[in-house]
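Novice: Any chance you can model this:
(3 chains)
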Amino acid sequence: MAGFLKVLFRNVLEGPSTDPFPLGETFTPDRLRGRARINPELCMGCGICRHACTAGAINITPLSDGSGYTIAIWQNSCCLCASCRHYCPTGAMSISNDWHGAHPEKEKFSRLEQHTIKYEPCAACGVLMRPVPAALARRLYSATPELDPEQIRHLCPQCRRQEDAKRNAGTIQVTTTETLAARELTSAAPTTY
Amino acid sequence: MTDTLFAILHMAIFPGGIFALTLGFFYKSLDRRVEARLQRRVGPPLIQPWLDAAKLLTKETMIPRTACRSVFLLAPVFGFTGMAVCAAFIPVPGVYAGLSNMGDLLVIFYLLPMPAIALMLGGSASSSPFGALGFSREMLLMLAYETPLLMILLSVAMLVGKSLGAESSGAEFSLLKIIAWQQENGSLGFNPAMIPALLAYLLFLPGTMGVAPFDVAEAETELLEGPLLEYGGPLLALFSVTSAFKTFVVTGLGVALFFPGTISSWWPINLVCFVLKCLGLMLFSLTLVKSATGRFRIDQAFRFYVTVPTALALCSLILVWVM
Amino acid sequence: MSLDKTLKKLSVRSPWLFRINAGSCNGCDVELATTACIPRYDVERFGCRYCGSPRHADVVLITGPLTTRVRDRVLRVWHEIPEPKVTVAVGICPISGGVFREGYSIEGPIARYLPVDVNVPGCPPRPQAILEGVVLARSIWLKKLGLEE
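Specialist: Sure thing, here's the model as predicted:
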């Protein structure tokens, strides 16, 4: 008990260490996991976040006319695990440090992080598609400086494949049938019955 | 007739009634605030007990279907009445002499366990198993702490009675005479023979107030507040008022028994002096002990009271007897 | 102002808290304990006190997704609390079921059985967020008493 008395005495001398919070400001660490945010510029709608979400808080619904999709995070189901941020291939998911969550019951279902993302027509064939984000396209095609990422990102996968085929048609090395025949088979011969 | 009127006034305004309630609530809030400071917290505002009481008055009263209705409703009134009467018997040295000039120490001794008995009655009438457990613990604890209290009062009475000699028959049970004797011959708190009794009284305070480490009967984590479990609303407010009265009574009795010295003949100074002395007694033996200890088990608490304070009080009693 | 109104106005400054664990993992309960036990978040500043008996409570803090096993007990204890009371759902489990939603033993979200007044989402919420919830509960209590803040 004497040890306790020493502690108590020191406590009185040092004064209260209470955060003034609801009456004043409090300290928020930068990396605190609060509300999840979606960057609609970057989101491709691949759905890996929905797959990885532990609490099933993420929903991706295509629009009824097929012109886009809606991605939503329900804050009241988000368990702040940051799996979505970890698995998002385009870096569209982020966790802000906004922890102010208390709300009355009537706002329960309106606490959403929701974005409706519209598809755009392909520059070549006009089919509706989601363009590759500019930053991502720049990173993807940095090894091939002859391509303009700004142009290629507006092509649909089909057209991109065709473009690629046209571009690479002259550079593919074709091996002749003679050399093929001259080669010895390295694997076991197929069994014949 | 006038005597009765004065007695009622003393019970209603000073030192019982309004005065005791204000002081008791002030002590209670200060107790919470000082405890918060000892734990590096800020603590509630000083008017918090008043706010709590106001809140409880607006809440609905729920009576369990299986409870004994009349006893359940009357128990808090019973405890409150006991303490309200008892508060009028507490003399304020230099201001107020007490309600009676003979044997009032015995009256206080009989009235002091009233809140505990009310708690026991209420707890057992509530038909809750937690209430029954709280009842048995409260009773065990009361048996344990009433013995040293009786010995303390007896040693004080015998010391004064022996000194007064022929005027009294062996022991003096009038608080008025005890205070007058102490104002002439020095406070009993500084008398070497009475120091064990003073220590025993300081140890008696947390037990009778039911605060840690002796809050076994109302342990909120294990017994869900025990006898108070089924009480809510205005009835609980009455219990908190009773507890405020009791804080005033036990600290006031301690001041009257051990430190009744006055420094002035002007009454407001004496009153402030009395309030501060009560406050010191409370902060030392309730708040400090409460924030430095955990809770005893009931058997540990019982064993503690039948050994340490009883031995200390007995020590004083024997010293008084021998001297 | 009448005496009754004054008492009611004063009464919200003494919200006594009561915890109900409806099958929680104890994460939120620990955060509730920190609001009372850690000096930094001292909840006693608002006159709050964690009480042991449901009869003394004004603000009920419910944690956990309401499992089948505790459902009837939770409802029984909740009905023992005298009116007016404010129900606060702490953590995502009582609000939406959280990670346990649609589990075989989960009866929640708690709003199916009890009228919830305040939600404090988080897994677990920060102690400051719980304090925010208690302060919000006070204003809702005032509304329930018929007095707007």
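
Novice: now the residue nearest the centre of chain C, what's its secondary structure?
Specialist: Chain C has C:L61 as the residue nearest its centroid, 2.1 Å off, counting by Cα atoms, centre = their mean. Under DSSP: H, G, I helix; E, B strand; the rest coil, the three-state class of C:L61 is strand.

Novice: separation between it and chain A?
Specialist: Distance from C:L61 to chain A, counting by Cβ to the nearest Cβ, to the nearest Å: 12 Å. Backbone N, C-alpha and C define where each C-beta goes, glycine included.

Novice: roughly how far apart are that residue and B:F109?
Specialist: Per Cβ to Cβ, to the nearest Å, C:L61 is found 44 Å from B:F109.

Novice: in chain A, what spans have low per-residue confidence?
Specialist: Counting by pLDDT under 70, the low-confidence segments of chain A come to A:1, A:170, A:172-193.

Novice: Show me the domain layout of it.
Specialist: Per automatic domain parsing, the structural domains of chain A span A:30-118, A:120-181.

Novice: hang on, B:S126 packs against B:F72?
Specialist: Yes: under the contact definition of Cβ atoms under 8 Å, B:S126 touches B:F72, with a separation of 6.0 Å.

Novice: Overlap in contacts, the two.
Specialist: B:64, B:230 (Cβ atoms under 8 Å, 6 or more residues apart in numbering or on different chains).

Novice: quick revisit: what bridges to the residue nearest to the centre of chain C?
Specialist: In this structure, C:L61 has the following beta-bridge partners (DSSP bridges): C:R19, C:V88.

Novice: Surely it and C:W16 touch.
Specialist: No: because the distance of 11.1 Å does not satisfy Cβ under 8 Å, C:L61 is recorded as not touching C:W16.

Novice: For C:I38, find the nearest of the domains of chain A.
Specialist: Of all the domains of chain A, it is domain A:30-118 that lies closest to C:I38, at 16.7 Å by Cβ to Cβ.

Novice: thinking again about what came up before, out of the domains of chain A, which comes closest to chain B?
Specialist: In this view, the domains of chain A are compared for proximity to chain B by Cβ to the nearest Cβ, and domain A:30-118 is the closest at 21.1 Å.

Novice: Please compute how far the closest one lies from its chain's middle.
Specialist: Relative to the mean C-alpha coordinate of its chain, domain A:30-118 is positioned 10 Å out (Cα atoms, centre = their mean, to the nearest Å).

Novice: B:S126 and B:F72: which has the busier surroundings?
Specialist: With neighbours defined as other Cβ atoms under 10 Å in any protein chain shown, B:S126 and B:F72 compare such that B:S126 has more, 28 against 22.

Novice: Would you enumerate the residues in contact with the residue lying closest to the more buried one once chain neighbours are set aside?
Specialist: Leaving out its chain neighbours, the residue that sits closest to B:S126 by Cβ to Cβ, 6 or more residues apart in numbering or on different chains is B:E230, at 3.8 Å. With Cβ under 8 Å, 6+ apart as the criterion, the residues that contact B:E230 are B:62-64, B:67, B:72, B:126-128, B:131, C:53, C:55.

Novice: Tabulate the residues you listed (JSON lines), appending pLDDT and secondary structure.
Specialist: Putting these into JSON lines (pLDDT from 0 to 100; DSSP: H, G, I helix; E, B strand; the rest coil) gives the following:
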{"residue": "B:M62", "pLDDT": "82", "secondary structure": "coil"}
{"residue": "B:I63", "pLDDT": "84", "secondary structure": "coil"}
{"residue": "B:P64", "pLDDT": "83", "secondary structure": "coil"}
{"residue": "B:A67", "pLDDT": "81", "secondary structure": "coil"}
{"residue": "B:F72", "pLDDT": "87", "secondary structure": "helix"}
{"residue": "B:S126", "pLDDT": "83", "secondary structure": "coil"}
{"residue": "B:S127", "pLDDT": "82", "secondary structure": "coil"}
{"residue": "B:S128", "pLDDT": "84", "secondary structure": "coil"}
{"residue": "B:G131", "pLDDT": "83", "secondary structure": "helix"}
{"residue": "C:S53", "pLDDT": "85", "secondary structure": "coil"}
{"residue": "C:R55", "pLDDT": "86", "secondary structure": "helix"}
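
Novice: PyMOL command to pick out the buried ones of those residues?
Specialist: Once 16 or more other Cβ atoms under 10 Å in any protein chain shown is used to decide burial, the buried members of the contacts of B:E230 can be selected in PyMOL as follows:
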select buried, (chain B and resi 62+63+64+67+72+126+128+131) or (chain C and resi 53+55)
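
Novice: correct me, but C:I110 touches C:A22?
Specialist: Yes: using Cβ under 8 Å as the test, C:I110 is close enough to C:A22 to be in contact (6.6 Å).

Novice: now the helices for chain C?
Specialist: The residue ranges that make up the helices of chain C, judged by DSSP state H, are C:3-11, C:27-37, C:68-80, C:92-96, C:127-144.

Novice: Establish whether the longest one and chain A are in contact.
Specialist: Yes: between helix C:127-144 and chain A, judged by Cβ under 8 Å from any Cβ of the partner chain, the touching residues are C:128-133, C:135-136, C:140.

Novice: mind checking how far B:A54 is from B:T242?
Specialist: Summarising the geometry, the distance separating B:A54 from B:T242, computed by Cβ to Cβ, is 17 Å.

Novice: Between those two, point out the one with more neighbours.
Specialist: The residue with the greater number of neighbours, taking B:A54 and B:T242 and applying other Cβ under 10 Å, is B:T242; the counts read 24 against 21.

Novice: and that one, what does it touch?
Specialist: Shown here is B:T242, whose contacts under the criterion Cβ under 8 Å, 6+ apart are B:76, B:79-80, B:83, B:115, B:118.

Novice: same thing with B:S124?
Specialist: Contacts were defined as Cβ under 8 Å, 6+ apart; by that measure B:S124 touches B:71, B:131-132, B:135, B:227.

Novice: for A:H51, same thing?
Specialist: Contact partners of A:H51, counting by Cβ under 8 Å, 6+ apart, are A:Y87.

Novice: and it, what element?
Specialist: Of the helices and strands defined by DSSP states H and E, A:H51 is found in helix A:48-52.

Novice: Ok, A:P29 next?
Specialist: Judged by DSSP H and E, A:P29 forms part of no helix or strand.

Novice: From C:R126, how far off is it?
Specialist: Here the distance between A:P29 and C:R126 works out to 10 Å (Cβ to Cβ).

Novice: Could you check which of the two is surrounded by more residues?
Specialist: Residue environment comparison for A:P29 versus C:R126 gives the larger neighbour count to C:R126, 23 against 8, counting by other Cβ under 10 Å.

Novice: so C:I92 makes contact with A:W74?
Specialist: No: applying Cβ under 8 Å, one finds C:I92 not in contact with A:W74, separated by 9.2 Å.
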